[in-house]
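> Just a sequence and a predicted model for now, questions to come.
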Amino acid sequence: MTVDELDTRILRLLLERPRTSVREYARILGVARGTLQARLDRLERDGVITGTGPALSPAALGHPVLAFVHIEVTQGHLDEVGDALAAVPEIVEAFSITGGGDLLTRVVARDAGHLEDVIQQLISLPGVVRTRTEVALRERVPHRLLPLVESVGRSAARK
């Protein structure tokens, strides 16, 4: 999908001011509301915009501990283990990976003891061979997409 300069400006506004109305976005950008809506519809249809919900803080929900748990799985059981991970509420993301392990999960917990309980739950899943856990100490770069959006926009403008 090609993202042009207007798409980049739209995406920047969505990231910087997510609770603004479509009419206000159109006014800020100096485009017709219909033009903006058509662009938003296309960006959603093409999978660039994947959601519009709020960003939630696990820490504010009582889960300040963040860990990355690598899971090694018995061959042929990746799908079953992946499905079982979806039933563990403390797992907020899980990915199939290459390298040291088969799955990488992002796990949140109330404290170190709760994290150990979650890890023990993961180890007990059929098909899990072993886990390796890395606890995050401090977030250095928060989840962000604006620099990528701006880079893609600059690349499109040069073409």
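Ah, there it is.

> which other residues reach the one helix or strand V69 maps to?
Per DSSP states H and E, V69 falls inside strand 65-73. Counting contacts by CB atoms under 8 Å, 6 or more residues apart in numbering, the residues outside strand 65-73 that touch it are 58, 81, 85, 97, 100-112, 114-115, 119, 122, 127-136, 139. Every residue, glycine included, has its C-beta placed from N, CA and C.

> Just the buried ones from the residues you listed?
Neighbour counting by 16 or more other CB atoms under 10 Å classes 58, 81, 85, 101-110, 114-115, 119, 122, 127-128, 131, 133 among these as buried.

> So which of these are in helices?
Secondary structure assignment by DSSP state H places V81, L85, H114, L115, I119, L122 of those in helices.

> Spatially nearest residue to the third one, not counting backbone neighbours?
Taking CB to CB, 6 or more residues apart in numbering, and ignoring the residues beside it in sequence, H114 has V65 as its nearest neighbour in space, at 7.2 Å.

> again, but for the fourth one
When the adjacent residues along the chain are set aside, L115 lies closest to A109, with 3.8 Å between them (CB to CB, 6+ apart).

> hang on, the earlier thing: I'd like the ones in helices among the buried ones among the contacts of strand 65-73 as a markdown table, with pLDDT appended.
Written out in a markdown table, the entries for those read as follows (pLDDT from 0 to 100):
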| residue | pLDDT |
| --- | --- |
| V81 | 98 |
| L85 | 98 |
| H114 | 98 |
| L115 | 98 |
| I119 | 98 |
| L122 | 98 |
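
> could these go into TSV alongside distance to D46?
Below are those laid out as TSV (distance: CB to CB, whole Å):
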residue	distance to D46
V81	32
L85	29
H114	40
L115	38
I119	39
L122	35
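
> now, which of those residues sits nearest V22?
Within those, proximity to V22 (CB to CB) peaks at L85, which comes in at 36.7 Å.

> pretty sure that closest one contacts A94?
Yes: between L85 and A94 there is a contact at 4.9 Å, judged by CB atoms under 8 Å.

> circling back to that earlier point, could you give the bridge partners of the residue nearest to L115?
Beta-bridge partners for A109, by DSSP bridges, are V65.

> Cheers, nothing more for now.
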